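Asks: for reference, the sequence and a predicted model appear below.
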Amino acid sequence: MANAFVGVFRVKELRERILFTLVMLVIFRLGAVLPIPGVNVQELNAYFLSQQNSGNAIIDYLDFFAGGAFSNFSVFMLGIMPYISMSIIMQVLILIFPSLKKISQEEGGKKRIQMYQRVGTVVVCIIQSFAVTQYAQAISRSVENLLSISIVPFTLLAILTVTTGTMFLMWIGEQITKRGIGNGISLLIFAGIVARLPDAVWELIGRVRSGDLNLVFVIVALVMFVVVVALVVYEQQGQRKIPVHYAKRVVGRRMYGAQSTYIPFKINPSGVIPVIFASSILTFPLQIATTFGANWPWLAAVSRALNPQGVLYNVLYVLFIIFFAYFYTQITLNPIEIAKNIRENGGSIPGIRTEQIEKYLTKILNRIVLPGSLYLAVIAVLPSIIQEFFNFPASISYLMGGTSLLILVGVDLDTMSQIEALLKMHHHDGLTRKGHLRGRNL
């Protein structure tokens, strides 16, 4: 492993990609602590410190996906979630409206769809950033000198700053994907979780010392943590192989002999994407309801109902994870397209009629996706279980719970698989002595 690690930095292309990714992540973390102009940071920290003992599950939840930037009222306080929310909306619109689907299939259509998606992201950012200003004003009523400027200039400045910060974060993610290593958007979420882990561990130790948490419960939770990590790795690497036989065929003046290969269907084809998508969909209404709940009683009721520790929220969370597991699998692994490619290349699946290939592949995918999505859902609701039965603080249970584990393990496996592929392309040994790391194509 030491030789493989040294080999990573011997390859110039890989070394440059890793260094570029690290620089972009450092910029992201600096922006996560850079406050919005007009906010008194000392008063803000004092307010959240006073709220720490009582706990605020909603703020902890929003902070989890923003890497701690939300409670800092930083320029990146919305994180990358507005972009993810808009990408979900755009994918749904492409399936609903044939005109958008036609555009996406044309030459240069993907760039047009990306432009629409960016414009939509700006709209979502403006709505959410306005909600942030309302939340800041609500806090300022109970905290003196929280805002150093008047309400109207602060509102306009905050909307402009936070929207620009999210768009810049989106650009960073795209640059990491293009010029760095790994998937940029996923790595930004990954970096936010990793950056908060040391504080969570230190807080856990402090609560054990003070007697707020039972040491036996903490040990049991940590054992669960290790077991879940092992299960996530095992599940992410599992796959079902569908054998495909190709008959002899003539291409030009050459005759190609019969070949046997297989189609690898992963147990969880969409990886951690359903968890991120489900979280993003629930974050948007939760933030709006929490912000405007003080002025609208029905929004306050929605905010209470969508409490991340509540039953309704977790039920919706599970349903959305299952839905997006099927939804994203149908986009990335379309049985109609796979069956069409097999038939056009003279292939066949043993024991299956040619006209039944599509139906067979759909049946296999449905059998794989359902247990895989249920597995994801069970792990994702693990933080609520830990907090309910072991009395863990929300900030700790989110970072050491199922959602963070899925993201950390999934993104790590994907990044390592890309590093291994580049090493082998440059005729170096991979990161593992036996076998290989399978990427998840985030």
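Replies: The structure has been received and is ready for your questions. Predicted model, so just to flag it, every value in this text is computed and none were measured. Numbering: from 1, shown residues only.
Asks: going forward, measure contacts between C-alpha atoms and count neighbours the same way
Replies: OK.
Asks: and what about the spatially most central residue of the chain, helix, strand or coil?
Replies: Nearest to the geometric centre of the chain sits Ile276, at 3.7 Å (CA atoms, centre = their mean). The three-state label given to Ile276 by DSSP: H, G, I helix; E, B strand; the rest coil is helix.
Asks: gap between it and Phe190?
Replies: As judged by CA to CA, to the nearest Å, Ile276 and Phe190 stand 11 Å apart.
Asks: before we move on, what about Tyr116?
Replies: For Tyr116, the distance to Phe190 (CA to CA) stands at 26 Å.
Asks: neighbour-wise, which of these two wins?
Replies: Phe190 (22 against 14; other CA atoms under 10 Å).
Asks: for the more buried one, which non-adjacent residue is spatially closest?
Replies: Leu408 (5.9 Å; CA to CA, 6 or more residues apart in numbering).
Asks: may I see the buried residues of the helix or strand containing that neighbour?
Replies: Element membership for Leu408, per DSSP states H and E: helix 402-425. Buried residues in helix 402-425, counted by 16 or more other CA atoms under 10 Å: 402-423.
Asks: please apply the same query to stretch 12-19.
Replies: Leu14, Arg15, Arg17, Ile18.
Asks: and the third one, what element?
Replies: Assigned by DSSP H and E, Arg17 belongs to helix 12-32.
Asks: who's in contact with that helix?
Replies: 8-9, 67-69, 72, 74-77, 169, 172, 176, 179-181, 188, 191-192, 419, 422-423 (CA atoms under 8 Å, 6 or more residues apart in numbering).
Asks: before we move on, what about stretch 133-147?
Replies: Residues from elsewhere that reach stretch 133-147, judged by CA under 8 Å, 6+ apart: 38-41, 43-44, 47, 151, 154-155, 158-159, 291-292.
Asks: and which of those is nearest Asn314?
Replies: Thr291 (20.8 Å; CA to CA).
Asks: where does the nearest residue to Phe154 once chain neighbours are set aside land on pLDDT?
Replies: Closest residue to Phe154 apart from its sequence neighbours, by CA to CA, 6+ apart: Gly38 at 6.4 Å. Predicted confidence (pLDDT) for Gly38: 82.
Asks: Gly38 contacts Val152, correct?
Replies: No - Gly38 is beyond contact range of Val152, at 11.3 Å (criterion: CA atoms under 8 Å).
Asks: how far does stretch 345-365 stretch from start to finish?
Replies: End-to-end for stretch 345-365, by CA to CA: 22 Å.
Asks: and that stretch, how far out from the chain middle?
Replies: The chain centroid and the centroid of stretch 345-365 are separated by 33 Å, computed with CA atoms, centre = their mean, to the nearest Å.
Asks: repeat that for stretch 69-76.
Replies: 19 Å.
Asks: got it, and stretch 39-50?
Replies: Computed by CA atoms, centre = their mean, the chain-centroid distance of stretch 39-50 equals 29 Å.
Asks: hmm, who's touching it?
Replies: Pro35, Ser71, Asn72, Phe73, Val143, Glu144, Asn145, Leu146, Leu147, Ser148.
Asks: next up, the contacts around the first one.
Replies: Shown here is Pro35, whose contacts under the criterion CA under 8 Å, 6+ apart are Val41, Asn72, Phe73, Ser74, Val75.
Asks: where do the strands sit along this structure?
Replies: Listed in chain order, the strands found in the chain under DSSP state E are 239-246, 249-251, 254-256, 259-266, 347-348.
Asks: single out the most deeply packed of those.
Replies: Highest mean neighbour count of these: strand 347-348, a mean of 20 (counted as mean count of other CA atoms under 10 Å).
Asks: what packs against that strand?
Replies: With contacts taken as 3 or more CA pairs under 8 Å, 6 or more residues apart in numbering; DSSP states H and E, strand 347-348 sits against strand 239-246.
Asks: for the strand it packs on, C-alpha coordinates in CSV please.
Replies: Below are the C-alpha coordinates for strand 239-246, written out as CSV (Å, rounded to 0.1, in the frame of the first residue of the first chain):
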residue,chain,number,x,y,z
GLN,A,239,-23.1,-7.0,-8.6
ARG,A,240,-25.2,-9.4,-10.7
LYS,A,241,-23.6,-10.5,-14.0
ILE,A,242,-25.9,-11.1,-17.0
PRO,A,243,-24.1,-13.3,-19.6
VAL,A,244,-24.3,-12.2,-23.2
HIS,A,245,-23.2,-14.2,-26.2
TYR,A,246,-22.3,-12.6,-29.6
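Asks: show me what that strand is packed against.
Replies: Using 3+ CA pairs under 8 Å, 6+ apart, strand 239-246 sits against strand 259-266, strand 347-348.
Asks: can you list those in JSON lines and add mean pLDDT?
Replies: Shown next, in JSON lines, are the helices and strands packed on strand 239-246 (pLDDT from 0 to 100):
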{"stretch": "strand 259-266", "mean pLDDT": "79"}
{"stretch": "strand 347-348", "mean pLDDT": "79"}
